[in-house]
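In: Need the 3D shape of this:
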Amino acid sequence: MAEKIPIGADHAGFALKERLKAELEALGFEPVDVGTHSTESVDYPDYAKAVASQVGEGAVTRGVLTCGTGLGMSYAANRFAGVRAAVAWTPEIAELARRHNDANVLILPARFVKEEQGVEILRRWLESPFEGGRHERRVAKIEVDE
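Out: Reported below is the predicted structural model:
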């Protein structure tokens, strides 16, 4: 059974979302498109919540979001317990977000990456494992309530 990966975008990220969705399918994943479904102006928190809530509740292990800068999506997604949403603008950033921070939501800044760059960022994030070790202790501290 293919891994389900929810994917969402606002109007600025719509075209990139469509391309990433096709790439996920080509790689054997089952993308679950939570919207938006056009370039008509919408509010990014609605789509961040639709993806991050699934990751935070454990219904899925990871998700993908895109908006203009990636920042708004990251603010909204990281409010959910258990979510470590990382904005990545290069494949190297995506890899380090997985290896060192166990990022479980990838966010792409659609206005700052071309579609093919976005595909490479997605691929690198999907194939990079969490290293654990010293990073495990650091990631655990993110969830600790003081």
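In: so what's the residue nearest the centre of the chain up against?
Out: Centroid-nearest residue in the chain, with C-alpha atoms, centre = their mean: residue 106, separated by 2.2 Å. Residues in contact with residue 106 (C-beta atoms under 8 Å, 6 or more residues apart in numbering) are 62-65, 85-86, 88, 94, 97, 121-122, 125. Using the backbone N, CA and C atoms, a C-beta is placed for each residue, glycine as well.
In: residue boundaries of the strands in the chain?
Out: Taking DSSP state E as the criterion, the chain carries its strands at 4-9, 30-35, 63-67, 85-87, 105-109.
In: Tabulate the ones you listed in CSV, adding columns for distance to residue 54 and mean pLDDT.
Out: Formatted as CSV, the strands of the chain follow (distance: least, C-beta to C-beta, whole Å; pLDDT from 0 to 100):
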stretch, distance to residue 54, mean pLDDT
strand 4-9, 5, 98
strand 30-35, 8, 98
strand 63-67, 6, 99
strand 85-87, 12, 98
strand 105-109, 10, 99
